[in-house]
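Chemist: Here is my input; please provide its structure:
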Amino acid sequence: MVYSDDEVQILESNPNVPPAKFTCEICCDEKNRSRLFRINGCSHSYCSDCVSTYVDSKLQDNVSQIRCPVPGCGGLLDPLHCRPILPKAVFDRWGDALCEAMIQALEKFYCPFKDCSALLVDEKAEIEESECPGCRRLFCAKCQVPWHSEISCSDFQKLNLNERQREDIQMMSLAQGKEWKRCPNCRIFVERISGCGFMSCRCGCTFCYTCGAPAKDHLCPKCGQLTDIFGDMF
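Modeler: Okay, the predicted model is just below:
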C-alpha cells in the first residue's frame with residue numbers, strides 16, 4: 001500500500017516502528033516509506049513507481065494475471081489495489097486485458113477498422129452486415145472485414161488477400177456484371193469482344209473463355225468441346 005502523509009508522520013514519530021526508509025526490491029534504491037507498495041499475498045517491498053512500471057511492461061507482453069516479480073512468490077496484483085499508483089491509461093488497459101482474457105479465443109475478433117479495433121464477440125449467428133458499437137461503422141461479421149456491399153461473402157472469400165481492398169471489390173463487382181473472365185496465370189481480367197472462346201492473354205497464357213481452364217489449342221480440356229474460330233463454342 002501507499003502511505004498518506006499523515007500516516008508517514010505517525011510512523012516517523014513512533015519509536016517502535018522501523019525507520020521511515022525502505023529498499024525497493026526491484027530498483028534496489030532506498031525510498032521513503034510513503035512510496036512503499038505491498039502486494040497482496042506476499043511480504044516483498046517495492047516502490048510504487050517500480051510496481052507501476054512493472055504492471056505496464058506485463059500488459060505490453062499481453063499478461064493480464066500479474067504476479068509478484070519474485071519467482072515462486074504467490075503474490076497476485078489486484079487492479080483495484082493498484083489503481084492509486086497507476087496512470088489512468090495503464091489501469092484502463094489492464095481492465096480491457098482482463099475482460100478480453102475471459103472471452104475464449106474462438107469467440108472474439110476485433111473491429112476491422114484500424115483506427116478502432118474494438119473487441120467484438122462472435123455469436124456464431126448467421127449475421128453478415130453488422131455495426132461496430134465502438135466506431136458505429138458497418139462491417140461484415142462473417143468475413144470480419146469492412147462491409148462489402150458490392151460483393152457476396154462467398155465471392156469475397158475467394159479473393160486473394162491482396163485483392164480485398166475496396167477498389168478491388170468494386171472491380172470484382174464490375175467484372176461480374178460484365179461477365180469478364182480472369183486469366184488463370186496472371187489473374188488479370190479479360191473481356192472478349194468477339195471471336196471464339198480461345199483466349200490468349202498478354203502474359204502468354206492461353207485459356208478457355210467459357211470455363212477459364214488453361215488450353216493449348218482450341219480444344220478445351222475441361223469443357224471437352226471444340227471452339228469455332230469464327231464464333232462461340234459448339
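Chemist: which residue is nearest the middle of this protein?
Modeler: When the chain is reduced to its mean C-alpha position, the nearest residue by C-alpha atoms, centre = their mean turns out to be Tyr110, at 5.4 Å.
Chemist: Now do it against Ser57, distance only.
Modeler: Here the criterion is C-beta to C-beta, to the nearest Å. By it, Tyr110 lies 23 Å from Ser57. Bear in mind the C-beta positions are built from the backbone N, C-alpha and C, glycine included.
Chemist: and what of Phe91?
Modeler: From Phe91 to Ser57 the distance is 15 Å (C-beta to C-beta).
Chemist: Which of the two has more residues huddled nearby?
Modeler: Phe91 (19 against 11; other C-beta atoms under 10 Å).
Chemist: For that one, give me its contacts.
Modeler: Contacts for Phe91 (C-beta atoms under 8 Å, 6 or more residues apart in numbering) come out as Pro79, Cys82, Arg83.
Chemist: what residues are up against the second one?
Modeler: In this case it means Cys82. Contacts of Cys82 were listed using C-beta under 8 Å, 6+ apart, and they are Val51, Ser52, Val55, Phe91.
Chemist: Could you pull up phi and psi at the nearest residue to Ser200 once chain neighbours are set aside?
Modeler: Excluding its sequence neighbours, the residue lying closest to Ser200 (C-beta to C-beta, 6 or more residues apart in numbering) is Thr206, at 5.0 Å. Recorded main-chain torsions at Thr206 are phi -110, psi 140, according to degrees, to the nearest 10.
Chemist: which outside residues touch stretch 183-194?
Modeler: 160, 171, 175, 178, 180-182, 199, 201-205, 207, 209, 212-214.
Chemist: Let's see which of those end up in strands.
Modeler: Here DSSP state E is the test, and these give Lys181, Arg182, Met199, Phe207 as lying in strands.
Chemist: Now do the same for the third one: its pLDDT.
Modeler: According to the predicted model, the pLDDT of Met199 comes to 80.
Chemist: ok, now Arg136?
Modeler: On pLDDT, Arg136 comes in at 91.
Chemist: Distance of it relative to Cys111?
Modeler: Using C-beta to C-beta, we find Arg136 at a distance of 10 Å from Cys111.
Chemist: Among those two, which residue is more densely surrounded?
Modeler: Neighbours per residue, other C-beta under 10 Å: of Arg136 and Cys111, the larger number sits with Cys111, 20 against 8.
Chemist: need the contact list for that one.
Modeler: Applying C-beta under 8 Å, 6+ apart, the residues near Cys111 are Ser117, Ala118, Leu120, Cys132, Gly134, Cys135, Arg137, Phe139.
Chemist: Out of the helices and strands in the protein, which is least certain?
Modeler: Among the helical and strand segments of the chain, the one scoring lowest on mean pLDDT, DSSP states H and E is helix 5-13, with a mean of 53.
Chemist: Could you list the low-pLDDT ranges of this protein?
Modeler: Within the chain, the stretches with pLDDT under 70 are 1-19, 104-106, 123-125, 160-173, 175, 177, 195, 217-218, 221-234.
Chemist: Domain boundaries for it, per the record?
Modeler: Partitioning the chain according to automatic domain parsing yields domains covering residues 5-101, 105-147, 180-234.
Chemist: I'd like those domains as JSON lines, with distance to Cys153 appended.
Modeler: Formatted as JSON lines, the domains of the chain follow (distance: least, C-beta to C-beta, whole Å):
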{"stretch": "domain 5-101", "distance to Cys153": "26"}
{"stretch": "domain 105-147", "distance to Cys153": "5"}
{"stretch": "domain 180-234", "distance to Cys153": "19"}
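Chemist: how about these, which one is nearest Asp155?
Modeler: domain 105-147 (10.4 Å; C-beta to C-beta).
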